[in-house]
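Engineer: the following comprises the amino acid sequence and a computationally predicted model.
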Amino acid sequence: MTVIGLDDTDSRTLGMCTTYLATLVAEAIEAHGGRIERMLLIRLNPAVEHKTRGNAALAIHTDFPAGQAFDLARAELERWAVIDDERTSPGVVVAPGSADTVPTNVTQFARDAVRDFHTTDDAVETASRSGFLTQGWHGGRGQIGALAAIGAWAAFDTWTYEHISYREFHRCGTPREVDIDSVFESADAGYPTAWDTVDHGEGEAVCVPNAPGPILHGIRGDDPDVVRDVAEHIDAEPVDREATFLTNQGTDMHLQPGDIADLRDGHAYRVTGSVESDPETRRGGHVFFTLSDDDTNLPVAAFEPTKRFRNRVRSLRSGDELTVCGEVTDGTLKLEKFAVRDLVESEETTPTCPECGRTMKSAGRNQGYRCRDCGTSEPGKVETEIERDLELGWYEVPPCARRHIAKPLVRGGFDAATHPER
């Protein structure tokens, strides 16, 4: 067996897609008599500065000999990678042997690549010590993701699927011809097994990208037959080729438990604390509040692209107990989801007169309150129930704002009630 890893062949502005390259490499292997066992699409740390878009790396598991696989992968990469973009820094790594038996340092490299950072030198040295074949172009930063993709099968035990349909390549850069009504109909038929296909709240077909690459649409879910069926029932321009990938998308694999005092930029966490300040909407529509734990404060933000999720955040009050999830950047946690653990359900208010219904006035320092018209009095403020728009449980950003690796609530497995977004 042989495992081929590929990464960083696309461009933010000029298109292409490493999943497309992996599909072409797989086709070339089959054309030369090889067999493809599976293809993996691995999302790495979304905080990596040099990512082109979703920070994906690809792995191909095949029975083709390693040396020949290396030659074929290099040939396809040199033909298709967008090396005209100075940010594009492709890499290919080929590992002889089964994906189940890669060295433990390679599996650890894969785990760390999802939550932390590696250098190109780390990747090349680790691959070399393992006896792998490697090559990089324009600095070869893609060797990091390629090696992580090779280690992923042994490193991870939770998988989802994505079925990707590709356009005829000459159409890249032109508007996609997709019947949006058929996308919503097909998405509803496949839900909840297929998720994040559309966003009903925003009326958006999330599965249809805006980037100038070759993807027509990508359907994600928990069953390969269901995601293929959803794709098949979408009315659109001709599909040139298609592929189904095993992936760590929708798993929350990037999140790690943390304490507020120990959080570091560039990492994603799951943190518990209490709301220290009522949420504040700032310029641009971004919503901020402060989370506190043991006198340590953490700024938390729901940015404008999270759309209606911000209304959930605005409903929080000082004293609410939360678990929040998201990436920390410049000391601020960018919310992906949160769980309400406890809600403040009452507050002390100035009493009202039982006779006339008007708010009482202070009777003087430490003398309680009284209604001067009716002569009624109260010894102090009274506890009043608060109507809350939130319930206990998990809330999430809508599909249009979801990170590829973030787990949708509809997938289940959470430690409290869920309030999924569609």
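Structural biologist: All right, it came through fine. Numbers count the residues shown, from 1 in each chain.
Engineer: contacting residues around residue 421?
Structural biologist: 199, 201, 308-309, 396-399, 408-409 (Cβ atoms under 8 Å, 6 or more residues apart in numbering). C-beta: built from backbone N, CA, C; applies to glycine.
Engineer: tell me which element it is part of?
Structural biologist: Mapping residue 421 onto the secondary structure by DSSP states H and E places it in no helix or strand at all.
Engineer: quickly note the distance from it to residue 401.
Structural biologist: 9 Å (Cβ to Cβ, to the nearest Å).
Engineer: find residues that contact each of those two.
Structural biologist: residue 309.
Engineer: packing partners of the longest strand seen in the chain?
Structural biologist: The residue-count maximum for a strand in the chain (DSSP state E) belongs to strand 332-342. Strand 332-342 makes packing contacts with strand 268-275, strand 296-302, helix 309-314, strand 321-329, strand 393-396 when contacts are defined by 3 or more Cβ pairs under 8 Å, 6 or more residues apart in numbering; DSSP states H and E.
Engineer: mind putting the ones you listed in CSV, distance to residue 117 and mean pLDDT included?
Structural biologist: As requested, the helices and strands packed on strand 332-342 are exported to CSV (distance: least, Cβ to Cβ, whole Å; pLDDT from 0 to 100):
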stretch, distance to residue 117, mean pLDDT
strand 268-275, 12, 97
strand 296-302, 21, 97
helix 309-314, 28, 97
strand 321-329, 13, 97
strand 393-396, 26, 98
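Engineer: so which of the ones you listed gets nearest residue 260?
Structural biologist: Nearest of the helices and strands packed on strand 332-342 to residue 260, taken as Cβ to Cβ: strand 296-302 at 4.5 Å.
Engineer: so which elements touch the closest one?
Structural biologist: strand 287-293, helix 309-314, strand 332-342.
Engineer: in the longest strand of the chain, what counts as buried?
Structural biologist: 332-341 (16 or more other Cβ atoms under 10 Å).
Engineer: mind pulling up the pLDDT for the residue of the chain positioned farthest from its centre?
Structural biologist: For the chain, the residue at maximal distance from the C-alpha centroid (Cα atoms, centre = their mean) is residue 375, at 61.1 Å. Here, the pLDDT recorded for residue 375 equals 80.
Engineer: any stretches of the stretch 1-150 of the chain with poor pLDDT?
Structural biologist: Scanning the stretch 1-150 of the chain for pLDDT under 70 picks out the ranges 13, 51-53.
Engineer: which parts of it are strands?
Structural biologist: 2-7, 36-43, 56-62, 91-96, 133-136 (DSSP state E, counting those that start in this stretch).
Engineer: skipping its backbone neighbours, what lies nearest residue 209 in space?
Structural biologist: Spatial nearest neighbour of residue 209, chain neighbours left out: residue 215 (5.4 Å); criterion: Cβ to Cβ, 6 or more residues apart in numbering.
Engineer: and residue 296, how close does it get to residue 271?
Structural biologist: 10 Å.
Engineer: settle it for me: which of these two has more neighbours?
Structural biologist: Looking at residue 296 and residue 271 with other Cβ atoms under 10 Å, you find the greater number of neighbours at residue 271, namely 24 against 13.
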